[in-house]
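1. structure here, sequence nowhere to be found:
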């Protein structure tokens with residue numbers, strides 16, 4: 001008999017089992033007041049405050065509707081006058097598959113219905129095997145239930161004690177005095193996670209951006225969490241693997257911010273509490289807004305980068321770049337958790353059109369940001385080594401020329417970056433003033449006229 005057929009058979013007996021166990025309705029929960037802290041490494045701290053009716057002395061208490069992936073070794077139960085003596089986590093959930101497996105060696109009732117007359121016949125059968133099919137002993141004969149579409153039901157007398165309709169933690173407590181006792185159950189669990197995404201609408205005419213930040217919550221713990229107060233933590237605590245990097249071109253932090261943001265901190269972690277309580281259903285993705293900024297200053301530019309002092313004579317496109325700030329004044333005014341920014345611009349009809357996406361690393365408030373949205377096929381550049389002259393045993397003078405073309409009908413400014421300037425590399429002559437932005441990088445802003453060309457020349461003094 002196929003496992004699919006077994007599921008069909010067992011489903012017919014489900015109401016009887018539910019009545020026998022007096023299972024709660026599907027939309028009810030045994031959870032209390034929930035507070036959930038979710039980290040970026042797939043771990044979460046669940047704090048479940050319940051009021052317990054306890055007898056004095058040693059007693060057993062069951063906590064249903066905990067995570068099916070609970071880490072039992074992390075469980076704590078805090079309450080006045082109670083202490084944990086022993087705990088067991090029953091992770092075998094009540095399913096047709098498990099019910100049949102647990103019935104091996106036991107006697108069940110097989111009910112067959114005559115399709116022509118509707119008459120039912122019942123037989124007692126011992127379950128011999130549930131490994132890939134159901135093997136029964138009915139009196140002196142051995143029978144395999146067939147997947148032939150005939151109406152057959154299997155009735156069980158009871159549910160095995162170690163099968164639960166919902167994930168359940170069983171705890172033996174030592175209680176000082178009986179009565180209604182407030183208690184908080186806390187535990188760590190994998191299976192709850194969050195990521196951040198940003199939608200950016202760029203208005204080129206106004207040099208401004210609207211930014212909406214979204215948190216995506218995921219839950220595959222096997223349990224739904226009802227009306228929970230949720231706090232998200234940016235940063236991955238040690239002891240578990242963090243989420244991998246997202247796809248797309250990397251956004252850069254041109255200059256890390258030094259402003260203290262408004263978010264609550266704990267050590268080096270930043271908290272993002274959700275404004276409203278929310279329900280995180282099992283096997284669900286939920287999006288919640290956490291950032292909404294209108295008309296923050298931004299500018300569009302083109303970026304062309306040359307590595308080390310080498311030639312790059314085949315013209316290649318400049319990167320299309322949006323630059324903005326996360327500062328309190330003149331920026332987004334917040335710390336940004338790592339995620340993906342998707343950028344849109346309005347077309348002539350006023351409709352937003354997608355122009356690119358890029359990853360952004362976690363950025364402190366006050367950071368200067370560059371978002372690369374793609375390549376500009378009508379703005380190109382090339383690097384030419386005009387001369388490389390040996391000055392001494394280890395010193396060289398290198399003359400570089402950078403040539404740019406612009407096929408657009410308006411002038412553009414290209415942010416030219418020369419990287420690889422390690423050691424004591426110096427610029428000893430230049431046709432355009434530039435700025436050293438880091439130990440290995442200099443930048444120049446090169447204006448290129450509409451439908452025109454521009455060239456700049458730099459002379460570098462370097463050592464081997």
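-> The structure has been received and is ready for your questions. Everything quoted here is computed from the prediction, not taken from an experiment. Numbering: from 1, shown residues only.
2. and the residue nearest to residue 264 when sequence neighbours are not counted, what are its bridge partners?
-> Among residues not flanking residue 264 along the chain, residue 271 sits closest, at 4.3 Å (C-beta to C-beta, 6 or more residues apart in numbering). The C-beta positions use only the backbone N, C-alpha and C, and glycine is treated the same way. Beta-bridge pairing of residue 271 under DSSP bridges involves residue 233.
3. what's the separation between residue 271 and residue 84?
-> As judged by C-beta to C-beta, to the nearest Å, residue 271 and residue 84 stand 29 Å apart.
4. so who does the residue nearest to residue 264 touch?
-> 231, 232, 233, 234, 263, 264, 265 (C-beta atoms under 8 Å, 6 or more residues apart in numbering).
5. next up, the contacts around the fourth one.
-> Residue 234 is in contact with 40, 269, 270, 271, 272, 335, 337, 338, 362, counting by C-beta under 8 Å, 6+ apart.
6. top of the residues you listed by number of neighbours, please.
-> residue 337 (25 neighbours; other C-beta atoms under 10 Å).
7. tell me the pLDDT at that one?
-> Residue 337 is assigned 91 on the pLDDT scale.
8. as TSV, the contacts of residue 234 with distance to residue 59 would be great.
-> Below are those laid out as TSV (distance: C-beta to C-beta, whole Å):
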residue	distance to residue 59
40	39
269	38
270	42
271	37
272	40
335	47
337	44
338	47
362	47
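9. and those residues, which two are furthest apart?
-> Greatest spatial distance among the contacts of residue 234 (C-beta to C-beta): 271 and 338, at 15.5 Å.
10. from residue 137, how far out is residue 40?
-> For residue 40, the distance to residue 137 - C-beta to C-beta - is 54 Å.
11. got it, and residue 159?
-> 22 Å.
12. mind telling me what element residue 418 is part of?
-> Per DSSP states H and E, residue 418 falls inside strand 412-419.
13. relative to that strand, what are the paired strands and their orientations?
-> Going by DSSP bridges, the partners of strand 412-419 are strand 284-306 (parallel), strand 441-448 (antiparallel).
14. what does it contact?
-> Counting by C-beta under 8 Å, 6+ apart, 301-309, 318, 321, 379, 381, 400, 402, 404, 406, 434, 440-448, 456, 458 sit against strand 412-419.
15. ok, which stretches of the chain are helices?
-> For the chain, applying DSSP state H gives helices covering 3-11, 14-21, 96-102.
16. which residues touch stretch 314-322?
-> 200, 202, 209, 298-305, 343, 355-356, 370-377, 379-382, 403-405, 414-415.
17. same question but for stretch 362-371, I mixed them up
-> 200, 234-235, 251-261, 303, 321-328, 331, 333-338, 341, 343, 358, 360.
18. redo that, cut-off 6 Å
-> 251-259, 261, 321-327, 335-338, 341, 358 (C-beta atoms under 6 Å, 6 or more residues apart in numbering).
19. ditto for stretch 199-209
-> 210-212, 295-296, 298-300, 324, 341-345, 352.
20. for those residues, which one is nearest residue 60?
-> Nearest to residue 60 out of the contacts of stretch 199-209 is residue 212 (C-beta to C-beta; 49.5 Å).
21. residue 126 versus the residue of the chain most remote from its centre, what's the distance?
-> Distance from the centre of the chain peaks at residue 140, with 57.5 Å (C-alpha atoms, centre = their mean). Residue 140 sits 12 Å away from residue 126, going by C-beta to C-beta.
22. so what's residue 331 closest to, chain neighbours aside?
-> Nearest non-adjacent residue to residue 331, counting by C-beta to C-beta, 6+ apart: residue 325, 3.4 Å away.
23. partner residues bridging the one you found?
-> Bridge pairing for residue 325 - DSSP bridges - gives residue 368.
24. next, count neighbours for it.
-> Neighbour count of residue 325, defined by other C-beta under 10 Å: 23.
25. over to residue 363?
-> For residue 363, the count of nearby residues is 21 (other C-beta under 10 Å).
26. go on, residue 361?
-> 16.
27. how close does it get to residue 297?
-> Distance from residue 361 to residue 297, counting by C-beta to C-beta: 21 Å.
28. list the contacts of residue 377.
-> Contacts of residue 377 by C-beta under 6 Å, 6+ apart are residue 317.
29. pLDDT score assigned to residue 243?
-> At residue 243, the model reports a pLDDT of 38.
30. now do the same contact list for residue 390.
-> Contacts of residue 390 (C-beta under 6 Å, 6+ apart): residue 396.
31. dig out what it forms beta bridges with.
-> residue 396.
32. that one and residue 428: what is the separation?
-> Between residue 390 and residue 428 the computed distance is 15 Å (C-beta to C-beta).
33. with residue 379 instead?
-> In this view, residue 379 and residue 428 are 29 Å apart by C-beta to C-beta.
34. who has more neighbours, those two?
-> Counted by other C-beta under 10 Å, residue 379 and residue 428 do not tie: residue 379 has more neighbours, with 20 against 10.
35. returning to what we had before: out of the strands paired with strand 412-419, deepest packed?
-> Highest mean neighbour count of the strands paired with strand 412-419: strand 441-448, a mean of 17 (counted as mean count of other C-beta atoms under 10 Å).
36. just the mean pLDDT for it, thanks.
-> Strand 441-448 comes out at a mean pLDDT of 95.
37. starting at the chain centroid, how far to stretch 270-277?
-> 16 Å (C-alpha atoms, centre = their mean, to the nearest Å).
38. and it, average pLDDT?
-> Throughout stretch 270-277, pLDDT has a mean value of 90.
39. about what we covered before: from the contacts of stretch 199-209, which single one is nearest residue 181?
-> Nearest to residue 181, judged by C-beta to C-beta, of these is residue 212 at 44.9 Å.
40. all set, thanks.
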